[in-house]
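Chemist: Mind folding the following:
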Amino acid sequence: MIKANKLLSIIATITLLTVATPARAIDDQGRFVLVIDPGHGGKDPGAVNGKNQEKTINLNIALKMGKLIEDNCKNVKVIYTRKTDVFVELYKRADIANKAGADMFISVHTNSAKNKSAYGAETYLLGVEENRTSANLNAALEENKAILLENDYQTHYEGYDPNSPESMIIFEFMQNEYQKESLKMASFTQDQMVKSAKRPDRGVHQAGYLVLWKSTMPSILIELGFISNDAECKYLVSQKGIDEMSQSLYNAFKDYLDYHNKLLEKAVPVAQAIGNKPADEVKKELPVYKVQFMSLKTPLKKTDKRLKAYSDVDYYSEDGVCKYTCGDTTDYDAILKTKTEVQKKYKDAFVIAVYEGKKISVKEAREIASKNK
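Modeler: Model prediction:
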C-alpha cells in the first residue's frame with residue numbers, strides 16, 4: 001500500500017510532468033519523427049513459450065515495420081529504442097522519444113496469459129484500467145515488472161511498485177493532452193491488425209503502462225498476440241507472421257500520417273492570424289528575402305512568444321510541414337544581417353527567396369533582382 005505522504009508526492013510529480021510538457025525538438029529537415037520501441041530485450045526476455053521469447057518477436061516485427069516506413073515515407077524520420085538484443089530501461093525508452101521531439105511513440109509487445117487458449121491482438125493507450133481485476137490491469141502489471149531489472153527503479157518511477165495493483169492509482173491523476181491523437185493511432189492500428197493481418201480483435205483499451213506514462217507525445221502500446229497460445233506463437237515467429245504483422249502496422253501508421261497531414265492542410269496560416277501580409281501580396285517587381293528559422297509539424301498558436309521575437313514572422317507549408325520565416329525585404333544585405341541575428345538563437349537559420357508568390361533559389365532571386373534594378 002502506498003503511504004499518504006508518498007501518494008501526495010506522486011500526484012505533485014505527475015501534475016508537474018503534465019503541465020511542464022517540453023516543446024517539440026525541431027528536426028532540421030522538417031520531418032515527422034516516429035520512435036519505435038521493441039519491448040524487452042537483453043536480460044529481459046519478456047514472455048516465453050519454450051525457446052520462443054517475446055523480445056525476439058517484438059524486435060523482428062518492429063524492425064520490419066520501421067523498414068517499410070523508411071522505404072516508403074520519405075518525410076518521416078524513424079528512431080528505434082533498440083535495434084539489437086539489448087536491455088533498455090523503460091524510462092530511457094521514453095527519454096529517447098522525448099529528447100528526439102518525437103511526434104509518435106509506438107511500443108511493440110507480445111501478450112501472455114495463464115489461459116493458453118487466449119489469443120488475438122489489442123492496442124493500448126495510457127489511462128485508468130477499465131476494471132481493476134481485468135486482464136488489462138494484469139497485462140500492464142506484467143509489462144511493468146521489467147523495471148525490477150533496473151537499478152534504483154524506485155527513484156525513476158516515483159515509488160511505483162509493479163507487484164502492487166494499488167500502485168496503479170498514479171494513473172488516475174494523469175491528464176494526457178495527447179489522448180485524442182493516441183486514440184486515433186490506436187484505432188488505426190487495431191483496425192489494420194484485424195483487416196490486414198486477419199488477427200482476432202481484442203479491441204482498443206486503456207491501461208497503466210509505465211513506458212507510455214513517461215512519454216510526452218501521442219503514444220500507444222501494441223500487443224501483437226499471445227505467445228502463450230501455441231498456434232499464435234507459431235504464427236508470430238514465422239516469416240508469414242512477421243511480414244503480415246509489420247505490414248499491418250505500417251498501414252496503420254500511413255493511415256495516421258494521412259490524417260495528420262490533412263489536419264495541417266486545414267490549419268489557418270498564422271501570418272493572417274497575427275496580421276502579417278499574405279504571400280500573394282508580396283511585391284512582384286523584386287524577389288523578397290526571408291530567414292527560415294524553424295520547422296514544426298503543426299502551426300503555433302498566435303499567442304506563442306516565438307512569433308513575437310522577430311519582425312514579419314510568417315510561415316509556409318511544404319510537404320506537410322510548417323516552415324517559419326522572419327524578415328521580409330528586397331534588400332539582400334539587410335536579410336544577411338537578419339540571418340546573423342537569428343542564428344544567435346537558431347543556428348541552422350538560412351535565407352530563402354520568394355518571387356511572385358513562389359519560393360525560388362537565392363541565386364535565382366539575386367539574378368532577377370540584378371536585372372530589375
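Chemist: Now for the closest residue in space to residue 359 that isn't next to it in sequence, how many residues are close by?
Modeler: Once flanking residues are discounted, residue 359 sits nearest to residue 352: 6.0 Å by Cβ to Cβ, 6 or more residues apart in numbering. To be clear about C-beta, it is placed using only N, CA and C from the backbone, and glycine gets the same treatment. Residue 352: 19 surrounding residues under other Cβ atoms under 10 Å.
Chemist: what kind of secondary structure is residue 352 in?
Modeler: Per DSSP: H, G, I helix; E, B strand; the rest coil, the secondary structure class of residue 352 is strand.
Chemist: Need the pLDDT of the most centrally placed residue in the chain.
Modeler: Central residue of the chain (Cα atoms, centre = their mean): residue 104, 1.5 Å from the mean position. Note on residue 104: pLDDT of 94.
Chemist: dump the residue contacts of it.
Modeler: Residue 104 makes contact with 32-35, 181, 185, 217-219, 253, 256, according to Cβ atoms under 8 Å, 6 or more residues apart in numbering.
Chemist: Give me the buried subset of the residues you listed.
Modeler: 32-35, 181, 185, 217-219, 253, 256 (16 or more other Cβ atoms under 10 Å).
Chemist: What values do phi and psi take at the residue nearest to residue 83 when sequence neighbours are not counted?
Modeler: Nearest non-adjacent residue to residue 83, counting by Cβ to Cβ, 6+ apart: residue 63, 6.6 Å away. Here is the backbone geometry of residue 63 (degrees, to the nearest 10): phi -70, psi -40.
Chemist: Enumerate every residue touching residue 63.
Modeler: Here residue 63 is in contact with 38, 80, 83 (criterion: Cβ under 8 Å, 6+ apart).
Chemist: Name the SS class of residue 359, please.
Modeler: Secondary structure state of residue 359, per three-state DSSP, is strand.
Chemist: That one reaches residue 317, doesn't it?
Modeler: No - using Cβ atoms under 8 Å as the test, residue 359 is too far from residue 317 to be in contact (11.4 Å).
Chemist: Put together CSV for the contacts of residue 104, with pLDDT on each row.
Modeler: Formatted as CSV, the contacts of residue 104 follow (pLDDT from 0 to 100):
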residue, pLDDT
32, 90
33, 92
34, 96
35, 97
181, 88
185, 95
217, 86
218, 90
219, 92
253, 98
256, 95
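Chemist: Turn these into JSON lines, including distance to residue 127 and secondary structure.
Modeler: Compiled in JSON lines, these are given as follows (distance: Cβ to Cβ, whole Å; DSSP: H, G, I helix; E, B strand; the rest coil):
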{"residue": "32", "distance to residue 127": "24", "secondary structure": "strand"}
{"residue": "33", "distance to residue 127": "24", "secondary structure": "strand"}
{"residue": "34", "distance to residue 127": "22", "secondary structure": "strand"}
{"residue": "35", "distance to residue 127": "20", "secondary structure": "strand"}
{"residue": "181", "distance to residue 127": "14", "secondary structure": "helix"}
{"residue": "185", "distance to residue 127": "14", "secondary structure": "helix"}
{"residue": "217", "distance to residue 127": "16", "secondary structure": "coil"}
{"residue": "218", "distance to residue 127": "13", "secondary structure": "coil"}
{"residue": "219", "distance to residue 127": "11", "secondary structure": "strand"}
{"residue": "253", "distance to residue 127": "21", "secondary structure": "helix"}
{"residue": "256", "distance to residue 127": "19", "secondary structure": "helix"}
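Chemist: Looking at these, which is nearest residue 126?
Modeler: residue 219 (6.7 Å; Cβ to Cβ).
Chemist: ok, that closest one - contacts?
Modeler: By Cβ under 8 Å, 6+ apart, the contact list for residue 219 reads 97, 104-107, 125-126, 178, 182, 212.
Chemist: Distance to residue 192 added to those, as CSV?
Modeler: Shown next, in CSV, are those (distance: Cβ to Cβ, whole Å):
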residue, distance to residue 192
97, 22
104, 15
105, 18
106, 12
107, 17
125, 16
126, 21
178, 20
182, 16
212, 20
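Chemist: At which residues are the strands of the chain located?
Modeler: For the chain, the strands defined by DSSP state E cover 32-38, 48-49, 52-53, 76-80, 104-111, 121-126, 201-207, 219-226, 288-296, 314-318, 321-329, 350-355, 358-360.
Chemist: Quickly, which of those strands bottoms out on average pLDDT?
Modeler: Mean pLDDT across the strands of the chain is lowest at strand 314-318; the value there is a mean of 83.
Chemist: tell me what that one is packed against?
Modeler: When contacts are defined as 3 or more Cβ pairs under 8 Å, 6 or more residues apart in numbering; DSSP states H and E, strand 314-318 sits against helix 270-273, strand 321-329.
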